[in-house]
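Trainee: pasting the sequence and the predicted model now:
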Amino acid sequence: MKTGLNMRSVKAENRRLILHLLQRYGALSRKELSEKSSLTSAAVTIICNELISEGKLCETGELEKNGKGRKEILLSVSFGDKYVLCVNAETTHITYSICSFSGELKAAVTEGFTNNADEILEKTEKLLYDNNIKAEELAAAGVCVVGSVSGKGYGLWNCSEICKKIEEKYSVPVTAENNIRAFAQSEMIYSDGYGSGPVLFFKWGPGIGSAVAAGGELFSRNDEGVAEIGHYIVNPAGKACRCGRWGCLETEAGEEALVSLTNLTLPEIVKSTDENVIHILDEKIDIVALALTNTATILNAEKIVLFGSLFSNETVVEKLRRQCIRYNGNLSADMIIKSKLNEKIGYAGPAAICAKKFFFDLQDA
């Protein structure tokens, strides 16, 4: 417990600690929370009872114990039944969806890319109307975009305008985030959780990018100039990248490069049995493996989590895993895993950043 804080701040910090432990480890008993937090049993009981009364926690079952004795009640984060409006923009398309705070999908539609705020707002209105969902049923909205949310550097657009329009239209708080960081956040909230060591999240398709977390928290960054794996220079003689550099990994192995070399779409590329297409993809897998291995080595990453459309094909996953291990024998197959949320990539990120803001980023009590 930190010193120099007033009692209100201490209380808020302890509440955050309880919620983060449940986020990281899943359902826990009050006794387990006390052990992991180093808070007294009495303090944990008071905090948990308050969070239950506020609807942020719920009792989800009993902990099985060997022999006789009182069974311990398990607690979990209660995400409630309100909906989240999600807008997730890639370079080629935007997915509009409605889901719960727990990441369960209610409705979704994918449309072509646009940076017109009025057009985006109209798409969200149509989605609600088509699925008979009232605006009052929304509790929050999440907007995710490639690159910087401010539109500076190499972001797709400045999110502030669309965020303002959504907030005014639906009277809900809106959270914006880079789409790769947002998906990494969804892994930490909705997936099985990870250890305290660094975890490298790597996306391939349509763009290429990464995020890093440790101890259940994303590493902070400068939004205007994030150094990420997609913009590592892998070919100094390569093409100009949207970030202003030349020969970046995304330029060399991203969607545009693959499509231009094969005249196929990404789904067609990963399913192709044509030897020439397979050879091209194998070359790109090798380039990606080098960059990924070097990054994981510097970070001393405990896990590498793969997601994106290229990893819809298990052969691509296995080839990349094999190449990474070839370049660094300290890596192993169980350290390089495909995200269990890969099929939810269109909406898991926006839902997660809203869940984090509502349930885990508590203000001082």
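Mentor: Received, thanks.
Trainee: going forward, measure contacts between C-alpha atoms and count neighbours the same way
Mentor: OK.
Trainee: secondary structure class of residue 201, three-state.
Mentor: strand (DSSP: H, G, I helix; E, B strand; the rest coil).
Trainee: quick one: it and residue 186 touch, right?
Mentor: No - the pair residue 201 / residue 186 is not scored as a contact, 11.1 Å apart, by CA atoms under 8 Å.
Trainee: residue ranges for the helices of the stretch 251-365 of the chain, please.
Mentor: Assigned by DSSP state H, counting those that start in this stretch, the stretch 251-365 of the chain shows helices spanning 255-262, 266-271, 275-299, 314-327, 348-355.
Trainee: which parts of stretch 278-294 are buried?
Mentor: Buried residues in stretch 278-294, counting neighbours by 16 or more other CA atoms under 10 Å, are found at 278, 281, 284-293.
Trainee: er, stretch 162-182 actually
Mentor: For stretch 162-182, a neighbour-count test (16+ other CA under 10 Å) marks 162-163, 165-167, 170-182 as buried.
Trainee: stretch 124-133 too?
Mentor: 124-125, 127-128, 133.
Trainee: residue 77 against residue 23, yeah?
Mentor: Yes - taking contacts as CA under 8 Å, residue 77 lies within contact range of residue 23: 7.3 Å.
Trainee: most centrally placed residue in this protein?
Mentor: Residue closest to the mean C-alpha point of the chain, counted by CA atoms, centre = their mean, is residue 183 at 1.6 Å.
Trainee: pull the contacting residues for the residue lying closest to it once chain neighbours are set aside.
Mentor: Nearest residue to residue 183, sequence neighbours excluded (CA to CA, 6 or more residues apart in numbering): residue 349, at 4.1 Å. Residues near residue 349 by CA atoms under 8 Å, 6 or more residues apart in numbering: 88, 144, 179-186.
Trainee: same thing but 6 Å
Mentor: Residue 349 makes contact with 182-183, 186, according to CA atoms under 6 Å, 6 or more residues apart in numbering.
Trainee: so which of these are in helices?
Mentor: If you go by DSSP state H, those have 182-183, 186 in helices.
Trainee: for residue 133, helix, strand, or coil?
Mentor: For residue 133, the assignment made with three-state DSSP gives coil.
Trainee: dihedrals phi and psi, it?
Mentor: Dihedral pair for residue 133: phi -110, psi 130, per degrees, to the nearest 10.
Trainee: quick one: it from residue 350, how far?
Mentor: Distance, residue 133 to residue 350, using CA to CA, to the nearest Å: 18 Å.
Trainee: and for residue 211?
Mentor: Here residue 211 is placed at a distance of 15 Å from residue 350 (CA to CA).
Trainee: now the strands for the chain?
Mentor: Assigned by DSSP state E, the chain shows strands spanning 28-29, 57-63, 72-77, 83-89, 93-100, 105-112, 138-145, 174-178, 199-204, 208-214, 217-218, 303-307, 336-338.
Trainee: tell me which of the ones you listed is the most buried.
Mentor: strand 83-89 (a mean of 28; mean count of other CA atoms under 10 Å).
Trainee: which residues touch that strand?
Mentor: Contacts to strand 83-89, defined as CA under 6 Å, 6+ apart, come from residues 94-100, 138-145, 350.
Trainee: show me the shaky parts of the stretch 51-200 of the chain.
Mentor: 64-70, 152-155, 192-193, 195 (pLDDT under 70).
Trainee: same deal with the stretch 251-365 of the chain?
Mentor: Scanning the stretch 251-365 of the chain for pLDDT under 70 picks out 362-365.
Trainee: in a markdown table: the ones in helices among the contacts of residue 349, plus distance to residue 62.
Mentor: Shown next, in a markdown table, are the ones in helices among the contacts of residue 349 (distance: CA to CA, whole Å):
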| residue | distance to residue 62 |
| --- | --- |
| 182 | 32 |
| 183 | 31 |
| 186 | 26 |
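Trainee: and of the contacts of residue 349, the nearest to residue 35?
Mentor: residue 186 (26.1 Å; CA to CA).
Trainee: mind putting the buried residues of stretch 278-294 in a markdown table, distance to residue 13 included?
Mentor: As requested, those are exported to a markdown table (distance: CA to CA, whole Å):
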| residue | distance to residue 13 |
| --- | --- |
| 278 | 52 |
| 281 | 48 |
| 284 | 46 |
| 285 | 44 |
| 286 | 45 |
| 287 | 44 |
| 288 | 40 |
| 289 | 40 |
| 290 | 41 |
| 291 | 38 |
| 292 | 35 |
| 293 | 36 |
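Trainee: which one of those is nearest residue 112?
Mentor: residue 281 (25.6 Å).
Trainee: how far away is the closest one from residue 114?
Mentor: 29 Å.
Trainee: just to revisit the earlier point, any idea how far residue 190 is from the residue nearest to residue 183?
Mentor: Per CA to CA, residue 349 is found 10 Å from residue 190.
Trainee: leaving out sequence neighbours, find the closest residue to residue 20.
Mentor: residue 360 (6.5 Å).
Trainee: count of residues packed around the one you found?
Mentor: As a burial measure, residue 360 scores 20 neighbours (other CA atoms under 10 Å).
Trainee: might one say that residue 235 is in contact with residue 245?
Mentor: No - applying CA atoms under 6 Å as the test, residue 235 and residue 245 come out as separate, 10.5 Å apart.
Trainee: how many residues are close by the closest residue to residue 45 other than its chain neighbours?
Mentor: Nearest non-adjacent residue to residue 45, counting by CA to CA, 6+ apart: residue 30, 6.7 Å away. Neighbour count for residue 30, taken as other CA under 10 Å: 20.
Trainee: for residue 30, give me the pLDDT.
Mentor: Looking at residue 30, its pLDDT stands at 92.
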